[in-house]
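Colleague: structure of the sequence below:
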Amino acid sequence: MLRLLLPLGMAALYSIPVIAQTSAIAPVDSERVRAVTAPAKESYVWTLESATRRMLEVAPERRQSDAAVETRQQELVQAGSWPNPSIDLRADDRVGQMSGQGGTTLSQLALSQPLPFRRITRQRIAAESGLAAAQAYHHAQSLLLEHESARVFYAVQFASAKRQLAQERLELTINFAAGKITTKGDRLQRYLTPLELGRIAIMREEARQADNFAERDYENARIEFQNLLGLADEVATETALMTPPPRPPVFEIFARELEHHPLIEAARLETEAAKEGIEVAKSQRFNDPTLKLFRERDFNNGAEFNVTGVGIGMEIPIWNQNRSLEGKAKAEAEASRARYDAQRRDAKTRLEQAYAQLIRLQDQAVQMNANLIEPAGKVLELTRRSFAAGESNILALVDANNAYFDARARYLDLLQGCALASADLRLAAGLSIIDRKGDQP
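Modeller: Purely as a prediction, here's the structure:
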């Protein structure tokens, strides 16, 4: 039942949290600032999944991981291969001297074949574990690339949202300078003092500077996004904006499936391969026995004849018993086991931290939206009306304007933190947005 309900709950981690804040300030005089999305060229709207698929196709790190798997595959092929036989040919004049005819003839043909009965099977088992570990590391590398793709995708996504917010703020201050203070854009009828006009001019310039910084940050994020995905410079790109995700499932669901994390699985398989390496070392302490077949030409009683025989050669372990190979393999197995234990410990820590961070940021975002964004918008609207009626001064309008837009900017930063925390949780839990299997947490 748990595995059936799990995919529904995991929709939280696959959503893309962005700002869905609506302003109480009506946009006016939009021709005085540039549009939020007005690319001169045809653009393609990227989602997190499409961007991730594209990155996995073009990333050189993926090819490096593929090469590591291919290396282990070739090691497996080699582990099951028998050693090549060897052939010995001997030519001498022994028969010629004994027969009195002289000359040199082929006197011996020998064929030797090592017999790796003790080590061939153990080598294959160790190589199979090594290949499985490389495949698990390949999956882990894909998760790292997905995490990097999410980071860059969220960066350009939220840079676009921050640029839009900065443009909205600049547009509003331009309207202030033009005397359009009320919600409907009606021009202010009362007289504005030089102090009020100067303060509005400063507020407008601050908004323009903030807009320039937002544009710079967006351009930097866009360049990184295009380079990461291997897109041409002339291709205009956009990212899809979606609503914030619901809360993730309870932590226990992730903790139960943590053993299936690719990094932990790879470390476990490496440990198994190291254990098999001990048996391989034992089988390699001495050279393989060698089967020998030979055929010799001889001379006796005035006639030449052939002698055929079979023999076997074995190493005699008198001076060197090669125990260091076995000791080295045991030490490597112990080190592999220690790495596995450390990987499990660190994975559990990362999972707990990522989960706690996501929950904390989501709670904070809900509180900020309810207790800060909405009240600040209402205060700004009331202050505009009050200023238009001459009931409040310019400082109250400036403070209300700054409080509202600064709160929305902090809210965007908070939502970006939620998005990055979701990516961290997916990585810590070993989840992929490409391979969404039903038995995953």
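
Colleague: for the chain, what spans make up the helices?
Modeller: 2-9, 11-14, 48-58, 60-79, 94-99, 120-177, 194-229, 251-256, 262-283, 323-368, 374-388, 394-429 (DSSP state H).

Colleague: got those helices as a markdown table, with mean pLDDT, distance to Leu109 and mean neighbour count columns?
Modeller: Heads up, the C-betas are built off the backbone N, CA and C, glycines and all. A markdown table is the format used below for those (pLDDT from 0 to 100; distance: least, CB to CB, whole Å; neighbours: other CB atoms under 10 Å):
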| stretch | mean pLDDT | distance to Leu109 | mean neighbour count |
| --- | --- | --- | --- |
| helix 2-9 | 40 | 66 | 13 |
| helix 11-14 | 44 | 70 | 17 |
| helix 48-58 | 89 | 57 | 18 |
| helix 60-79 | 89 | 30 | 14 |
| helix 94-99 | 72 | 14 | 15 |
| helix 120-177 | 90 | 27 | 21 |
| helix 194-229 | 90 | 64 | 16 |
| helix 251-256 | 89 | 66 | 15 |
| helix 262-283 | 88 | 31 | 21 |
| helix 323-368 | 91 | 35 | 16 |
| helix 374-388 | 87 | 97 | 18 |
| helix 394-429 | 91 | 64 | 20 |
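
Colleague: those: which one's closest to Ile316?
Modeller: helix 323-368 (15.8 Å; CB to CB).

Colleague: now that closest one and helix 120-177, what's the angle there?
Modeller: 20 degrees (axes from the mean of the first three to the mean of the last three CA atoms, to 10 degrees).

Colleague: the helices of the chain: which one's closest to Pro317?
Modeller: helix 323-368 (9.9 Å).

Colleague: now do that closest one: distance to the chain's middle.
Modeller: 16 Å (CA atoms, centre = their mean, to the nearest Å).

Colleague: list the contacts of the most centrally placed residue in the chain.
Modeller: With distances taken as CA atoms, centre = their mean, Leu144 lies nearest the centre of the chain, 1.3 Å away. Taking CB atoms under 8 Å, 6 or more residues apart in numbering, we find Leu144 in contact with Glu61, Leu427.

Colleague: from Thr105, how far off is it?
Modeller: 68 Å (CB to CB, to the nearest Å).

Colleague: turn the helices of the chain into TSV, including distance to Ala110.
Modeller: Formatted as TSV, the helices of the chain follow (distance: least, CB to CB, whole Å):
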stretch	distance to Ala110
helix 2-9	64
helix 11-14	68
helix 48-58	56
helix 60-79	27
helix 94-99	16
helix 120-177	24
helix 194-229	62
helix 251-256	63
helix 262-283	26
helix 323-368	30
helix 374-388	94
helix 394-429	61
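
Colleague: for the ones you listed, which one sits closest to Asn306?
Modeller: Taking these one by one with CB to CB, helix 94-99 is closest: 10.9 Å.

Colleague: any idea how far Asp399 is from the nearest residue to Ile394 once chain neighbours are set aside?
Modeller: Closest residue in space to Ile394, ignoring its immediate chain neighbours: Glu196 at 4.2 Å, by CB to CB, 6 or more residues apart in numbering. To Asp399, Glu196 is 14 Å away according to CB to CB.
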